[in-house]
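Q: what's the 3D shape of this:
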Amino acid sequence: MFDWLKTKRRERALASNAIPDDEWAAALHALPFLDHYAPDALARLRQLTTLFLVEKSIVSGATSGEHALEVTPHMRVLIAVQACLLILGRGASVTDAMRDYDGWENVVVYPGDFPRTHDFEDEAGVVHRLDEPIAGESWHGGPVLLSWPAVEAGYDESGMALVIHEFAHKIDMLDGEVNGVPPMPSRAAHDAFSATIKAAYKDFCARVDAGEETAIDPYAAEFIDEFFAVTCEVFFAEPDLLQHEYADCFAQLQRYFCIDPIAGAITKSQ
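A: Residues are numbered from 1 along each chain as shown. Down below sits the predicted model:
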């Protein structure tokens, strides 16, 4: 009954909360890697973006003071489009696809990088405390935090698709683990994905450790979950590069997301 009610509510939301044409066009203009996407894919992406904007609050993390940030309609749409790109091929319908983002409510946007303090244990069992400024963070069951300048810069300028990166972490968290492997339909599919990403991650770490200037952001060598998030960025924003560097990873991501980002098409019937 609950799923039926949620589906009906989402269907009503689509009918009554259309994104204005000018705002939609402005968001697509800011994301040139979507220029070649097929009209049916973009239409579905627009529906998903509409539902995302209805169901999620995209709010400022700095509402007063010298560095206060106002979150504009353009900012909201630009963030929502990229978040929804990861679920574009998921589900038999857009209401089904949105289930990947159930269970949390907020996206918080900051006027710049924000501090994070966290503890981690090294291989020797020693616990260290790390203080660092970061551009984005995803919390399990909680909000996604984003630095607006990093979002606004875009992939072509910065080599980073921050929104895609943080929402890739959300996808990774769906099965309760943060291990670079999203939930899979079967054990065989899980094992195949896991083996592929672990092999690619091991190779990439070796390249970074050897001092190679990699075309993919070396931050991907930090942890396997970061490798997954960075390869998702590249998969959507520069797919030819990922296919060239790690063809097996590209194929696994294409199978999971049901998207061919080179062709700009959904790869399964909806």
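Q: So for T49, what's the pLDDT?
A: Model confidence at T49, expressed as pLDDT, equals 97.
Q: same check, this time on V127
A: 72.
Q: hey, what's it bridged with?
A: Residues in a beta bridge with V127, per DSSP bridges, are E121.
Q: The protein: strands as residue ranges?
A: 57-60, 106-110, 114-121, 127-134, 136-138, 144-147, 259-260, 265-266 (DSSP state E).
Q: Redo those strands as a markdown table? Include mean neighbour count.
A: The C-beta positions use only the backbone N, C-alpha and C, and glycine is treated the same way. As requested, the strands of the chain are arranged in a markdown table below (neighbours: other Cβ atoms under 10 Å):
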| stretch | mean neighbour count |
| --- | --- |
| strand 57-60 | 16 |
| strand 106-110 | 20 |
| strand 114-121 | 10 |
| strand 127-134 | 9 |
| strand 136-138 | 20 |
| strand 144-147 | 23 |
| strand 259-260 | 21 |
| strand 265-266 | 18 |
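Q: Lowest average confidence across these, which one?
A: Looking at the strands of the chain, the lowest mean pLDDT belongs to strand 114-121 (a mean of 67).
Q: circling back: dump the strands of the chain into a markdown table; add distance to A210 as well.
A: Shown next, in a markdown table, are those (distance: least, Cβ to Cβ, whole Å):
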| stretch | distance to A210 |
| --- | --- |
| strand 57-60 | 41 |
| strand 106-110 | 35 |
| strand 114-121 | 24 |
| strand 127-134 | 25 |
| strand 136-138 | 28 |
| strand 144-147 | 31 |
| strand 259-260 | 32 |
| strand 265-266 | 37 |
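Q: which one of the ones you listed lies closest to I216?
A: strand 136-138 (17.6 Å; Cβ to Cβ).
Q: In this structure G103 contacts P143, no?
A: No: taking contacts as Cβ atoms under 8 Å, G103 lies outside contact range of P143: 11.6 Å.
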